[in-house]
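Asker: predicted coordinates and the sequence they were generated for:
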Amino acid sequence: MNIRNISTLLLLTLSGLSARAQAIDNTTAYKNINSDAYFRLNYENDFFSATDEYYTQGINIETVGSFWKKNPVNYILIKPKYDYIRYGLGFQHNGYTPSDIGHNEILYGDRPFAGTMMLQSFVIATNSEKHRRFTSSLSTGVIGPLAGAGQMQRSIHKWLNNITPHGWDNQIQNDIILNYQVNYEQQLLAYKKSFLLSGDGFARAGTLSDKAGIGLTLMFGYFDSPYDRNQTKNKKFRIYAYEHPGFNIVGYDATLQGGLFDKDSPYTISSGDINRLVFQNRFGFVVQYLGFTLEYFQSVSSREFETQKMHTWGGVQVAFGL
């Protein structure tokens, strides 16, 4: 069995076992992989910032390649007539907790426990001539106990001989996830392979999260442009850092307010306490060599609701071309 089949089988197996809110978004320019087809594993945890609260863990497994071109979901995804289009499928699992996981009772004024699990079909379109990217995605899955976030956190803490998490009986209840998202990115300034500045915006709507946002991406170091398809097959050594600040306008967040259809969650954040403007920043380092990519990053977010604190987390990703 070749590497492509192994990665595809792993992805489908994990999704079958499942019987950035969408926190992880790998379609942005600074996350570009220089390959027509690749496998990627992304892991995020607030352990990297020495905390255990709020957005506590995120796992994303994805493959990109022409073998996903016949995915029937692609028919409802927007695909501009750009010169370079890639198709992908990902599995994502996220967990959210209050600031203290040592209590069985509800901590009013804190974040609700919540878990999400999704399959994400997506298309990444690049216009090399005009240096722009457009991506669209559809996420389907479940929020609630069926996502298994509580069991996962308890298992991880047991393996690490850490405090036993309590309070998952009070998590957001089961509901469906159906979310559609589009992203647009435009290169603004660039100098050879050492500097790039681009602007981006996104809009997201569905049962999990309704948001829109704008941001800037600054990349510096030695890298291939994510807006040039002619550089995607370059396997030589690359190293760079990136900075991505952005502002999100929030309409609805099921991980805070509960699902759209099930209104029986033990505890949620009221609509009046949701912060409608949220700032997020991400800074990371990336090394690429012979089709292999390694990244480390740190993220920070302002308060999502009135009584929350600013939150930081970090993560790592590994990827390789197929």
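Answerer: Everything's here; your move.
Asker: just the helices in this protein please.
Answerer: If DSSP state H is used as the criterion, the helices of the chain fall at 3-16, 149-159, 254-257.
Asker: compare the mean pLDDT across those helices and name the weakest.
Answerer: Among the helices of the chain, helix 3-16 carries the lowest mean pLDDT, at a mean of 37.
Asker: neighbours around the closest residue in space to residue 298 that isn't next to it in sequence, how many?
Answerer: By the measure of C-beta to C-beta, 6 or more residues apart in numbering, the closest residue to residue 298 outside its immediate chain neighbours is residue 314, 4.6 Å from it. Glycine gets a C-beta too; all of them are placed from N, C-alpha and C. Other residues near residue 314 number 20, with proximity taken as other C-beta atoms under 10 Å.
Asker: residue 314 and residue 224, how far apart?
Answerer: Relative to residue 224, residue 314 is positioned 25 Å away (C-beta to C-beta, to the nearest Å).
Asker: the protein: strands as residue ranges?
Answerer: Secondary structure of the chain by DSSP state E: the strands cover 38-45, 54-64, 84-97, 114-127, 132-143, 175-191, 195-206, 209-222, 238-253, 277-289, 292-301, 311-321.
Asker: what's the angle from the second one to strand 84-97?
Answerer: Taking axes from the mean of the first three to the mean of the last three C-alpha atoms, to 10 degrees, one finds that strand 54-64 is oriented at 150 degrees with respect to strand 84-97.
Asker: mean confidence score for strand 54-64?
Answerer: When pLDDT is averaged over strand 54-64, the result is 92.
Asker: tell me which residues of stretch 204-215 come out buried.
Answerer: For stretch 204-215, the buried set under the neighbour-count rule, 16 or more other C-beta atoms under 10 Å, comprises 204-211, 213, 215.
Asker: which residues touch residue 256?
Answerer: Residue 256 makes contacts with 111-112, 114, 268-269, 274, 304-305, as judged by C-beta atoms under 8 Å, 6 or more residues apart in numbering.
Asker: repeat for residue 105
Answerer: Here residue 105 is in contact with 167, 170 (C-beta under 8 Å, 6+ apart).
Asker: for the closest residue to residue 187 other than its chain neighbours, the count of nearby residues, please.
Answerer: Nearest non-adjacent residue to residue 187, counting by C-beta to C-beta, 6+ apart: residue 131, 3.6 Å away. The tally of other residues near residue 131 (other C-beta under 10 Å) stands at 19.
Asker: residue 131 is in contact with residue 186, isn't it?
Answerer: Yes - contact status for residue 131 versus residue 186: in contact at 7.0 Å, counting by C-beta atoms under 8 Å.
Asker: for this protein, what are the low-confidence residue spans?
Answerer: 1-24, 49-50, 231-235 (pLDDT under 70).
Asker: and the gap between the residue of it most remote from its centre and residue 98?
Answerer: For the chain, the residue at maximal distance from the C-alpha centroid (C-alpha atoms, centre = their mean) is residue 105, at 30.0 Å. Shown here: residue 105 relative to residue 98, a distance of 11 Å by C-beta to C-beta.
Asker: between those two, what contacts are shared?
Answerer: Taking C-beta under 8 Å, 6+ apart as the criterion, residue 105 and residue 98 both touch residue 167.
Asker: list the buried ones in stretch 125-136?
Answerer: So, applying 16+ other C-beta under 10 Å, buried residues of stretch 125-136: 125-128, 131-136.
Asker: quick one: end-to-end length of that stretch, please.
Answerer: Between the opening and closing residues of stretch 125-136 we find a distance of 9 Å, counting by C-alpha to C-alpha, to the nearest Å.
Asker: go on, stretch 103-115?
Answerer: For stretch 103-115, the end-to-end distance is 18 Å (C-alpha to C-alpha).
Asker: what does stretch 93-113 give?
Answerer: 14 Å.
Asker: one more: stretch 251-268?
Answerer: With C-alpha to C-alpha as the measure, the ends of stretch 251-268 fall 15 Å from one another.
Asker: related to what we said a few turns ago, and the residue nearest to residue 298, bridged to which residues?
Answerer: With DSSP bridges as the criterion, residue 314 is bridged to residue 45, residue 298.
Asker: with the one 5 residues further on instead?
Answerer: In this entry, residue 319 is beta-bridged to residue 40, residue 293, by DSSP bridges.
Asker: so who does it touch?
Answerer: Counting by C-beta under 8 Å, 6+ apart, residue 319 has contacts 33, 38-41, 292-293.
Asker: same check, this time on residue 77
Answerer: If a contact means C-beta under 8 Å, 6+ apart, then residue 77 has 121-123, 136-138 as its contacts.
Asker: what about it, distance to residue 286?
Answerer: When C-beta to C-beta is the yardstick, residue 77 and residue 286 sit 27 Å from each other.
Asker: try residue 187
Answerer: Residue 187 sits 18 Å away from residue 286 when distances are taken as C-beta to C-beta.
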